[in-house]
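Novice: sequence and predicted structure are below.
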Amino acid sequence: MKIQEKIKRWIKETLNLEGDFVLAHPKDIKNGDFSFFFATPKLGAKAGVPGEAAKILSENKIMEVEEIKVVGNFINFYLSKEFFVKSVEDILDKGEKVGENDLFKNQKIIVEHTQPNPFKEFHIGHLMNNAIGESITRIIKINGAETKAVGYHGDVGLHVAKSIWGKMQKPELSWGGAYAYGAKNFDENKDEIIEINKKIYEKSDEEINKLYDEGKKTSLEYFEYIYKKLDSNFEEHFYESETGEMGKKIVLENVGKVFENGEGGAIIFKGENFEPKTHTRVFINSEGIATYEAKEVGLAKLKKEKINYDKSITVTGNEQDSFFDVTEVVIGEVFLKLKGKLKHLSHGMLRLPTGKMSSRTGDVITAESLIDQVKKKVFEKIAGRDFSEEDPSIDSGQVKNEIAEIVAIGAIKYSILRQAIGGDIIFDFDKSISFEGDSGPYLQYACVRANSVLEKAREVSRLNLDMSKMPFDTWEITELERHLYKFEEIVERAGVEYSPHLIVTYLTELASLFNSFYAGNKIIDQDDPTSPYKIALTAAVAHILKSGLELLAIKVPERM
């Protein structure tokens, strides 16, 4: 049982309280490790005022609580030294598995994210979506769920026809460039491009079929290259070419029940008849073609058939909010077993500061171009370092290149995940690569520093984490210990609330506390009887930083 739950149960049973109440961490640790607002008289059957309640609790203390103080209507609890020491030991025992729990045990949850379309660029919007989706997937998994990350891609549609038309005009262009060229010249060549689109669906033209197969294969291979660079993994991919006819069939089967006939032969869903907050949308247009809405219905069926999930989460930009407001209602009406099992997480846009940044198309800022520009800035910061001085067997230039890429990607992901999902993000190049705090490199460097201390401890044979001989009577519990034990609580909350930013905030505070601890203590000292415990604290920090960064899909370089 986690300490927060144990203290809540003890308070409730000792004071004979009815109903639930909040047990929170005070902002200032001077006010204890936990705080409880004692609202009288309805809460306490055995006590009428905070002072009386605190007295009863003090007379029936549990070993984890050392002291109880009253401030106004708040009862503050100070945890014992024994609890903190035990919490450090627990972290060491769990090692890199720290944070794992069974909150979502026996649940199968799929997370659909990123969704780049073949024949188009993998742009910074996909990068933002990927950072959020990958982190959400990992956070849900550490909370005990069986997770599967899936992609959904538009491999048919007018954008494909524009790309193929562009490639036919200018074979030297990349597929993303061909799409940009086709989109730019669409109005003047509309009939020709629409005809290509028709032939793609019919598969009636050998040259177009060949270009289509080549473009799709090249695009998907490039996406896999980017996924690998981002340390992002997908178990399944779905395509609009699979979901269109399936969705159309489902819509037609449910006319008169869920859908109805609209103007010009279209088939519509009057959302306001089912859910007042929604609206009417077209699912089959007047030409008899399934819309994106119908394809989403087909996707829901295909997902359920391939992955028998308990919950399906879809991460998209918030411009699709109204789309999902309707389609989630539709899917719940068509497939009653899926009602309440769909969750849409929407985010804002990733914006850049004033000024243009180069991209291959000139119109779209690609993910790779952003990574390369940040990587260049990181490389400039470490250009003067010669890592071969530390290890003559390594190629310093190659190591710097590897470090620059890991740090650049970490800097971008941190910038995306540091705030609550929903709003736009202005990407600040200089702040993102700062080593001074509130950045990805700051966390990576703290982890590298902790690992370096542990490596030195091994070299001088001081990595003895047996704390049984530690003179704890002379040891003052630090802010570091008061922060370490909260990690598992934060992991659970991040899972329940789908909030990677909670982990970012926690890790940033932990890194700051560790850096202060590092600056104020000689950790490895043969003559200091507290040295093994200081090393143990450093090891606990290293485990949590690594585990936490793993949840954000941020790698840690071996050296910085």
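Specialist: Nice, I can see it.
Novice: tell me where this protein has strands.
Specialist: 23-24, 34-37, 65-71, 74-79, 108-112, 146-153, 236-239, 260-261, 267-270, 280-284, 311-317, 342-347, 350-351, 425-426 (DSSP state E).
Novice: ok now stretch 212-232, how far from the chain's centre?
Specialist: Chain-centre distance of stretch 212-232: 21 Å, with Cα atoms, centre = their mean, to the nearest Å.
Novice: and for stretch 339-354?
Specialist: The chain centre lies 12 Å from the centre of stretch 339-354; the measure is Cα atoms, centre = their mean.
Novice: need the contact partners of that stretch.
Specialist: By Cβ atoms under 8 Å, 6 or more residues apart in numbering, the residues outside stretch 339-354 that reach it are 124-125, 127-129, 132, 136, 300, 309-318, 320-321, 324, 328, 331-333, 365, 370, 416, 421-429, 498. Where C-beta positions appear, they are placed from N, C-alpha and C, glycine not excepted.
Novice: cool, and stretch 475-484?
Specialist: With Cβ under 8 Å, 6+ apart as the test, stretch 475-484 has contacts from 29, 33, 79, 81, 84, 87-88, 91, 506, 509-510, 513-514, 516-517, 530, 533, 537, 540-541, 544.
Novice: so which of these are in helices?
Specialist: The members of those that map onto helices under DSSP state H are 81, 84, 87-88, 91, 506, 509-510, 513-514, 516-517, 533, 537, 540-541, 544.
Novice: hang on, the earlier thing: winner for burial among the strands of the chain?
Specialist: Compared across these, strand 108-112 shows the largest average neighbour count, a mean of 24 (mean count of other Cβ atoms under 10 Å).
Novice: centre of the chain to stretch 490-499, how far?
Specialist: Distance of stretch 490-499 from its chain centroid, counting by Cα atoms, centre = their mean, is 10 Å.
Novice: in stretch 399-416, what's buried?
Specialist: 399-400, 403-416 (16 or more other Cβ atoms under 10 Å).
Novice: low-confidence ranges, the stretch 301-450 of the chain, go.
Specialist: For the stretch 301-450 of the chain, the stretches with pLDDT under 70 are 354-363.
Novice: return a PyMOL selection command for the buried portion of the contacts of stretch 339-354.
Specialist: Restricted to buried positions by 16+ other Cβ under 10 Å, the PyMOL selection for the contacts of stretch 339-354 reads:
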select buried, resi 124+125+127+128+129+132+136+300+309+311+312+313+314+315+316+317+318+324+328+331+332+333+365+370+416+421+425+427+429+498
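Novice: max-length helix in the protein?
Specialist: As assigned by DSSP H, the longest helix anywhere in the chain is helix 206-229.
Novice: may I have that one exported as CSV, CA atoms only?
Specialist: Below are the C-alpha coordinates for helix 206-229, written out as CSV (Å, rounded to 0.1, in the frame of the first residue of the first chain):
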residue,chain,number,x,y,z
GLU,A,206,-0.3,0.9,-65.0
GLU,A,207,2.0,3.9,-64.8
ILE,A,208,-0.1,5.5,-62.0
ASN,A,209,-0.2,2.1,-60.1
LYS,A,210,3.6,1.9,-60.3
LEU,A,211,4.1,5.4,-59.1
TYR,A,212,1.5,4.8,-56.3
ASP,A,213,3.3,1.7,-55.1
GLU,A,214,6.7,3.4,-55.2
GLY,A,215,5.5,6.5,-53.4
LYS,A,216,3.8,4.6,-50.6
LYS,A,217,6.7,2.2,-50.1
THR,A,218,9.2,5.1,-50.0
SER,A,219,7.0,7.1,-47.6
LEU,A,220,6.5,4.3,-45.2
GLU,A,221,10.2,3.4,-45.2
TYR,A,222,11.0,7.1,-44.4
PHE,A,223,8.5,7.1,-41.6
GLU,A,224,10.1,4.0,-40.1
TYR,A,225,13.5,5.9,-40.3
ILE,A,226,12.0,8.8,-38.4
TYR,A,227,10.3,6.6,-35.8
LYS,A,228,13.6,4.9,-35.1
LYS,A,229,15.3,8.3,-34.7
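Novice: quick one, domains of the chain?
Specialist: 3-79, 110-351, 367-551 (automatic domain parsing).
Novice: gap between the two ends of the last one?
Specialist: Distance between the two ends of domain 367-551: 21 Å, counting by Cα to Cα, to the nearest Å.
Novice: again, but for the first one
Specialist: In domain 3-79, first residue to last residue: 10 Å (Cα to Cα).
Novice: pLDDT score for the residue minimising distance to the centre of the chain?
Specialist: Most central in the chain under Cα atoms, centre = their mean is S135, positioned 2.4 Å from the mean C-alpha point. Listed pLDDT for S135 reads 98.
Novice: nearest residue to it in space, please, no chain neighbours.
Specialist: Excluding the flanking residues, the one nearest S135 by Cβ to Cβ, 6 or more residues apart in numbering is P500, at 4.2 Å.
Novice: show me what contacts that neighbour?
Specialist: Counting by Cβ under 8 Å, 6+ apart, P500 has contacts 132, 135-136, 139, 417, 421, 494, 551-552.
Novice: let's see that with 10 Å instead.
Specialist: 131-132, 134-136, 138-139, 413, 416-421, 494, 551-553 (Cβ atoms under 10 Å, 6 or more residues apart in numbering).
Novice: do M1 as well
Specialist: Applying Cβ under 10 Å, 6+ apart, we find M1 in contact with 7-9.
Novice: ok, now E100?
Specialist: E100 makes contacts with 94, 141-144, 488, 491, 547, as judged by Cβ under 10 Å, 6+ apart.
Novice: adding distance to R559, write the domains of the chain out as a markdown table.
Specialist: Rendered in a markdown table, the data for those read as follows (distance: least, Cβ to Cβ, whole Å):
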| stretch | distance to R559 |
| --- | --- |
| domain 3-79 | 34 |
| domain 110-351 | 19 |
| domain 367-551 | 6 |
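Novice: nearest to D102, of those?
Specialist: domain 110-351 (4.1 Å; Cβ to Cβ).
Novice: find the nearest non-adjacent residue to S219, please.
Specialist: Closest to S219 by Cβ to Cβ, 6+ apart is P118, at 3.7 Å.
Novice: check the one you found and give its pLDDT.
Specialist: In this model, P118 carries a pLDDT of 97.
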